[in-house]
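Participant: just the structure for this:
(one chain, ligands or ions: 1)
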Amino acid sequence: MNRPVALVTGASRGIGREIARRLALEGYALTLSARREEGLLRTAGEIAAETGAEVTPVVANLASDDDLRALVDAHRSGADRLDLLVLNGGVGAEGPLAEMPMKTYDLVLNVNLRAQFQLIQLCLPVLRETAALNPASGAKIVALASITGVAGEPGLAAYGASKAGLISLCETVTLEEHANGVTATALSPGYVDTDLTAWKRDSLARDAMLTAGDVAELTLAITRLSAHAAVPNVVLTRAGDQIWRA
Ligand SMILES: NC(=O)c1ccc[n+]([C@@H]2O[C@H](COP(=O)([O-])OP(=O)(O)OC[C@H]3O[C@@H](n4cnc5c(N)ncnc54)[C@H](OP(=O)(O)O)[C@@H]3O)[C@@H](O)[C@H]2O)c1
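Facilitator: Take a look at the predicted model:
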């Protein structure tokens, strides 16, 4: 009953799937969520079969307050702790700021920032409880931001703004909650080879992108730190001739 427990959003594909898989290999029990049921159930079944981990899939749209509440309720009804909250689910939107419809802006900000704010609020009670049980490690939040939240990128105005907000949110969580044993880390990668970057493949080869495994490794490293360590933001850039470009 002392095994660690993680909740991972956006776990059906891409970075979230790989983080979930590696956490399961490390002995975590998992609550996994995504918007679409079919992919989520497939991934949950594959991870459980490969690792033997206890995996609970919960369908939840990050754009719905009710779904977020139901997700955290479902987690709490199946587990009495939460060692790691991985705020990974997110959407992209590419195009010039001058032409971006406000409904696209709203979707990106709601899914990439508002939902993360609300999930943190909803999970703080169980994160604090878990940290009190395990003061040496505490409880941790890892949020998938982006290098575009650190350095603006043409064509990614709304996306970059949402990720800059997420980086700031992680800092505030650590400042307000470290005394309760809870810290937050933003991970800020450049282009990672997933479905999200399919639009970019014409101008950037897939093998020039980061891998989901790179991001998963950083996530595992954060989980191994003591409660005395806080890592506000980790920038993971592509090896090449520009450090601060996606
Ligand atoms: N790929 C990159 O280059 C890159 C770089 C920096 C940061 N990131 C960030 O890393 C995270 C994961 O990206 P990825 O590349 O792995 O993306 P991805 O392959 O497109 O996967 C996105 C995941 O998020 C879920 N999701 C999307 N919209 C959702 C919604 N409204 N409600 C609930 N779940 C939703 C998807 O579930 P469904 O399939 O059910 O929709 C899927 O599981 C994102 O936050 C992204 O911004 C990515």
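Participant: going forward, measure contacts and count neighbours with C-alpha atoms only.
Facilitator: Fine.
Participant: for the residue sitting nearest the centre point of the chain, report the pLDDT, please.
Facilitator: Closest to where the C-alpha atoms of the chain average out (Cα atoms, centre = their mean) is Asn88, at 2.1 Å. Among the per-residue scores, Asn88 shows a pLDDT of 98.
Participant: residue contacts, it?
Facilitator: Applying Cα atoms under 8 Å, 6 or more residues apart in numbering, one finds that Asn88 lies in contact with 8-11, 15-16, 143-144.
Participant: how does it look with 7 Å?
Facilitator: Going by Cα atoms under 7 Å, 6 or more residues apart in numbering, Asn88 touches 8-10, 16, 143-144.
Participant: again, but for Leu218
Facilitator: Contacts of Leu218 by Cα under 7 Å, 6+ apart: none found.
Participant: does Ile222 count as helix, strand or coil?
Facilitator: Assigned by DSSP: H, G, I helix; E, B strand; the rest coil, the conformation of Ile222 is helix.
Participant: and it, how many neighbours does it have?
Facilitator: Using other Cα atoms under 10 Å, Ile222 has 18 neighbouring residues.
Participant: isn't Leu109 up against Lys163?
Facilitator: No - between Leu109 and Lys163 there is no contact under Cα atoms under 7 Å: 8.8 Å.
Participant: more crowded one of those two?
Facilitator: Neighbour count, other Cα under 10 Å: between Leu109 and Lys163, Lys163 has more, with 27 against 24.
Participant: contacts for the strand or helix carrying that one, please.
Facilitator: Using DSSP states H and E, Lys163 falls within helix 157-177. The contact list for helix 157-177 (Cα under 7 Å, 6+ apart) reads 92-93, 97, 105, 108-109, 112-113, 145-146, 148-150, 152, 182-186, 232-233.
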